[in-house]
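Visitor: Give me coordinates for this.
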Amino acid sequence: MMRMPRSLFGRMMLSAMTGLLTALAVALSLCLLVWPTPSDYIMRSEVIDQIDDIDRTFTLDADGRPQLELKSHNANSYDGMPKDAAYRVTDARGAAVLESLESPALEALRAAPPGADTVHVPNGEQALVLRLERRTVIRDGQPYLIEVVRSERLVTALQHYASKLYLRAGSVAVVLALVTFAVVAFLTTRRLVQPLRRASTVAAGIGPRNLSARLHVDEMPSELQPMIDTLNAALARLEQGFRIQQDFLATAAHELKTPLSLLQAEIELGTPDREAVLRDIAMMARQVNQLLHLAEASEGHNYRFSQIAMHEAASDAVDYLTRVADRRNVHLQLEIDDDAHDAKVEADAGAVFMLIKNLLENAVQHTPAGGKVVLHLGPHGFQVVDDGPGIPETGRAHLFERFRRGEQAPTGGAGLGLAICREICHALGWDIRIAPSSQNEGARFVVTFSSAESHS
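Guide: Numbering: from 1, shown residues only. Presented below is the predicted three-dimensional model:
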């Protein structure tokens with residue numbers, strides 16, 4: 001089996017040449033199927049052609065005298081081969097009005113009996129057989145009989161010569177057609193792939209310092225434009241992700257710089273405050289842990305999807321944070337709808353636990369002592385509602401951004417908890433939003449499962 005070229009240019013050229021050769025093969029096969037047999041059919045066709053030539057050029061002048069202007073090659077055959085061809089035109093009385101030059105073929109034609117379709121001309125030991133055809137024509141109201149005889153060897157010789165001529169001309173035409181087609185296909189294909197080469201050159205120059213470059217769709221084939229648009233969209237996402245990553249690194253460095261500077265100052269003074277040092281270390285440890293969690297949540301390959309029961313994941317998260325809530329004198333409550341006990345979703349169990357834990361932990365931290373936090377689980381999602389001060393409208397637009405802390409956020413937070421929640425929901429195909437709270441409620445966070453992933 002022939003191996004296809006690796007380059008698009010080579011494949012297009014091969015396809016074009018294969019198509020041309022296939023078309024030529026089909027045309028040749030059709031010609032061979034319809035090519036007439038070179039026997040009686042060709043002989044009769046040649047004689048009929050001679051009669052047609054005489055019929056077209058046979059006229060009477062003003063005085064009634066017959067005139068004839070044969071084609072040059074037909075006239076030459078009568079003059080040059082006296083044993084093989086002859087013609088005569090007779091009137092209604094049988095008198096000849098036009099004849100070819102005196103020849104053995106003409107004598108045999110004169111001697112032919114009425115109704116005969118062949119005549120014989122002496123030619124050594126074996127006589128020549130000439131085909132005889134007749135046609136009656138009318139000129140000025142008078143009938144005339146056209147008679148033509150031709151030998152098979154003459155027709156065969158002419159056919160052989162014509163076959164050679166046609167074969168030579170056909171071969172030259174096929175070669176010229178192939179060369180012309182190959183040149184045109186080469187130039188057309190090369191022009192077609194030029195936009196691809198330019199796009200490849202642009203793509204090769206794209207790097208971390210040149211992420212704003214895009215592939216142009218000008219002169220690009222319409223079949224490739226969707227692919228180029230998709231690549232440009234992917235480059236735009238990469239550029240956006242790279243900028244977010246750079247901003248994230250810069251912000252993370254800035255967030256860690258302050259506690260590190262305080263630690264360094266206290267150590268240099270030689271009289272460090274043990275509680276302050278431990279507090280700064282705990283804050284940095286929390287920030288580092290949240291940075292690690294955010295990095296893990298942002299990478300899709302870290303997720304292992306399986307069917308998980310949401311009521312079990314919710315119960316585990318509530319049990320995990322119960323002690324934290326008790327220390328802050330906050331009541332943590334789990335509510336599960338009847339039709340949600342059997343609800344399962346296609347998700348990563350660890351990521352779901354982290355999502356619910358962060359939302360609950362954020363709610364507990366913002367709820368004053370004596371308040372409560374409710375985790376309400378339904379068949380299509382869950383809600384976390386607290387008794388805190390709520391979130392003002394001005395702060396909701398940037399609520400899920402990294403290192404974004406609210407005005408009433410407790411000290412020591414890194415501002416990454418809700419950003420981690422958003423990354424997890426994005427990876428799971430879920431939706432997270434801050435919903436309007438009812439009276440006497442603080443913040444209400446709503447997570448909606450993807451309809452394609454929820455099962456009951």
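
Visitor: When you work out contacts or count neighbours from here on, use the C-alpha atoms and nothing else.
Guide: Will do.

Visitor: Now stretch 331-346: average pLDDT?
Guide: In this model, stretch 331-346 carries a mean pLDDT of 87.

Visitor: Put the alpha carbons of that stretch into PDB.
Guide: In PDB, the C-alpha atoms belonging to stretch 331-346 read as follows (Å, rounded to 0.1, in the frame of the first residue of the first chain):
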ATOM      1  CA  HIS A 331     -24.200  26.400  65.200                       C
ATOM      2  CA  LEU A 332     -23.500  24.400  62.000                       C
ATOM      3  CA  GLN A 333     -26.700  22.800  60.500                       C
ATOM      4  CA  LEU A 334     -27.100  20.400  57.600                       C
ATOM      5  CA  GLU A 335     -30.400  20.200  55.800                       C
ATOM      6  CA  ILE A 336     -31.000  17.600  53.100                       C
ATOM      7  CA  ASP A 337     -34.100  17.400  50.900                       C
ATOM      8  CA  ASP A 338     -35.900  14.100  50.600                       C
ATOM      9  CA  ASP A 339     -35.200  13.700  46.900                       C
ATOM     10  CA  ALA A 340     -31.500  14.600  47.500                       C
ATOM     11  CA  HIS A 341     -30.600  11.600  49.700                       C
ATOM     12  CA  ASP A 342     -30.000   9.400  46.600                       C
ATOM     13  CA  ALA A 343     -28.600  12.200  44.400                       C
ATOM     14  CA  LYS A 344     -25.100  11.400  42.900                       C
ATOM     15  CA  VAL A 345     -22.800  13.500  40.700                       C
ATOM     16  CA  GLU A 346     -19.900  12.800  38.500                       C
END
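
Visitor: Domain parsing of this protein, as residue ranges.
Guide: Domain segmentation of the chain under automatic domain parsing yields 8-37+159-196, 42-154, 205-268, 300-455.

Visitor: Average pLDDT for stretch 99-119, rounded please.
Guide: If you average the pLDDT over stretch 99-119, you get 89.

Visitor: so what secondary structure elements neighbour the longest helix along the chain?
Guide: Using DSSP state H, we find that the single longest helix of the chain is helix 152-204. Under the contact definition 3 or more CA pairs under 8 Å, 6 or more residues apart in numbering; DSSP states H and E, helix 152-204 sits against helix 8-34, helix 40-57, strand 128-139.

Visitor: Deepest in the core, which of these is it.
Guide: Sort those by mean neighbour count, taking mean count of other CA atoms under 10 Å, and strand 128-139 sits at the top with a mean of 18.

Visitor: sorry, back to before: just put the helices and strands packed on helix 152-204 in a markdown table and tack on distance to Ala317.
Guide: A markdown table is the format used below for the helices and strands packed on helix 152-204 (distance: least, CA to CA, whole Å):
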| stretch | distance to Ala317 |
| --- | --- |
| helix 8-34 | 56 |
| helix 40-57 | 98 |
| strand 128-139 | 110 |
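
Visitor: which stretches of this protein form helices?
Guide: 8-34, 40-57, 72-80, 104-110, 152-204, 225-269, 274-298, 310-327, 349-366, 393-396, 417-428.

Visitor: Verify the contact between Leu70 and Thr57 for me.
Guide: Yes. Contact criterion CA atoms under 8 Å: Leu70 and Thr57 qualify, at 6.5 Å.
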